[in-house]
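# Task: produce atomic coordinates for the following.
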Amino acid sequence: MPTYTLSAPVHAEFDIRKSRFLAVALPVADRDEAMRVVQSLRAEHPTATHVCWALLAGGQSGMSDDGEPSGTAGRPILEVLRHHELDGVLAAVVRYYGGIKLGAGGLVRAYTDAIAAALKTAERVERIAYANLAVEVDYADEARVRRWLDQTGHALADSAYGSTAKLVVRLPASEVEAARAALRDATHGRAQFPRMDQDDEARR
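From the prediction side, this is the model:
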């Protein structure tokens, strides 16, 4: 099932019973980038009462009520992101308290509506998982691998030369098996596919 991210940041702003809610949702690479965005929102709005947020980013997901009653801000924001099948997206709502309490139900509605309003104008783009495929060939077959790269448009991420040529190809994870089969055909079965070390993967 495909997941989506946003092509660009989106914003919304409205008032509920004298409280002002400023919502933003934007694509982020990871939790570190998301936290930098949250910090910058706090810096931009030093007098705001709360800066609540939720992040959907695979294993790095998280949320914060930032002082609102538990479960009334971060979780509703997260549920809106899930409803839109988003990943790699931070959503945050800055609240300026206006003096009238909204109650738990009112807060849940307010934070839900704020992010939903921002996402109404959002353009979603499919989020594609990428992988690295290591290909090891004799020098005689390197030209065949490079010709295949030209034909498919996949990126050459790395190359190393010793007794053989080792090329690392960056491509959508869903195409790895097809790529192995195509490269075996192109090299008459001579291409080898050494396992990539996790350290190698982490550096990319």
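
# so is the residue nearest to residue 73 when sequence neighbours are not counted in a helix, a strand, or just coil?
The shortest distance from residue 73 to any non-neighbouring residue, by C-beta to C-beta, 6 or more residues apart in numbering, is to residue 52 (3.7 Å). C-betas here are computed from N, CA, C, even on glycine. Assigned state for residue 52: strand (three-state reduction, DSSP: H, G, I helix; E, B strand; the rest coil).

# and what of residue 160?
Here residue 160 is recorded as strand under three-state DSSP.

# picking that back up, and the gap between the residue nearest to residue 73 and residue 141?
56 Å (C-beta to C-beta, to the nearest Å).

# so where is this structure shaky, pLDDT-wise?
Counting by pLDDT under 70, the chain has low-confidence residues at 1-2, 197-204.

# Show me where it has its strands.
Ranges of strands in the chain, per DSSP state E, are 3-6, 10-16, 19-27, 50-56, 62-64, 89-96, 124-127, 130-137, 155-161, 165-172.

# Show me what the fifth one packs onto, helices and strands only.
Applying 3 or more C-beta pairs under 8 Å, 6 or more residues apart in numbering; DSSP states H and E, one finds that strand 62-64 contacts strand 50-56, helix 74-83.

# Could you list every helix and strand in contact with the last one?
By that I understand helix 74-83. strand 50-56, strand 62-64, strand 89-96, helix 103-119.
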